[in-house]
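K.L.:
My questions are about this predicted structure, shown below with the sequence.
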Amino acid sequence: METLDIIVIGAGVVGLAVARLLALGGRGVLVLEAEAAFGTQTSARNSEVIHAGLYYAAGSLKAALCVRGKKLLYRYFAERNIPHRRVGKLLIATDESELPALASYGQRAATNGVPPEPLTIADIRRLEPAVRAIAGLIRNRPASSKPTNPCPRCWLTPNRPAPRSLPTPRLWRE
Ligand SMILES: Cc1cc2nc3c(=O)[nH]c(=O)nc-3n(C[C@H](O)[C@H](O)[C@H](O)COP(=O)(O)OP(=O)(O)OC[C@H]3O[C@@H](n4cnc5c(N)ncnc54)[C@H](O)[C@@H]3O)c2cc1C
């Protein structure tokens, strides 16, 4: 009779990844799934975004795992020629009340090792013409869209603490 070391219950992305790793390590693994097929629940219906690690609390395990997991995922895709797109992530403020939150996301992302670049309004329009914003940050800008007016001293620049009061946003307005 065959022997099993481990039973994994649930064949979503987490159960399958755990089962794969255990099996690669030589364990006898059985995966049990309630549905008729593997990967038909949350894992099959998500937004398909590879999160950059922008939002998680600085220094948290979630942030560290997200950033590391993303690298591993890209490597896995490259090794197996799995099609994917690196479209980048645009964070915007639509009015002044959202500027502090935008700055804090920028700071948090920089602390997590994934600093976003500040954008001008012209950059944002070029990237997403339908978006109306007064400030923006981008992580992993798509290669085809270069800014014409980079903002090196903008206070949203990563690693720079956000000021208590809002500065005159020369580059936020056109
Ligand atoms: C709307 C939405 C959008 C998301 N977008 C993203 C995204 O863009 N990027 C991202 O990285 N993450 C995203 N997520 C999160 C991500 O999809 C989940 O974290 C991930 O799919 C969870 O995988 P899982 O294997 O834990 O769960 P599931 O995929 O739900 O798998 C669990 C499996 O266990 C089975 N099961 C449950 N109970 C039993 C039982 N008693 N016996 C046998 N089988 C059982 C279920 O049938 C199911 O197949 C999103 C989540 C949601 C809800």
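P.N.:
Received, thanks.
K.L.:
For the ligand, what's the nearest residue on the protein?
P.N.:
Nearest to the ligand, among the residues of the chain, is G12, at 2.0 Å (CB to the nearest ligand atom). In this view, the C-beta of every residue, glycine as well, is placed from N, C-alpha and C.
K.L.:
Contacts only, for that residue.
P.N.:
Counting by CB atoms under 8 Å, 6 or more residues apart in numbering, G12 touches G39, Q41, T42, S43.
K.L.:
May I ask you to confirm that I6 is in contact with G26?
P.N.:
No: here I6 lies out of contact with G26, judged by CB atoms under 8 Å, at a distance of 11.3 Å.
K.L.:
out of those two, which sits in the busier spot?
P.N.:
Neighbours were counted for I6 and for G26 using other CB atoms under 10 Å; I6 has more, 13 against 8.
K.L.:
in what helix or strand does I7 lie?
P.N.:
I7 belongs to strand 6-9 when assigned by DSSP states H and E.
K.L.:
how about that strand: buried residues?
P.N.:
By neighbour count on 16 or more other CB atoms under 10 Å, the buried set for strand 6-9 is V8.
K.L.:
Spatially nearest residue to G10 (excluding sequence neighbours)?
P.N.:
Excluding the flanking residues, the one nearest G10 by CB to CB, 6 or more residues apart in numbering is E33, at 6.6 Å.
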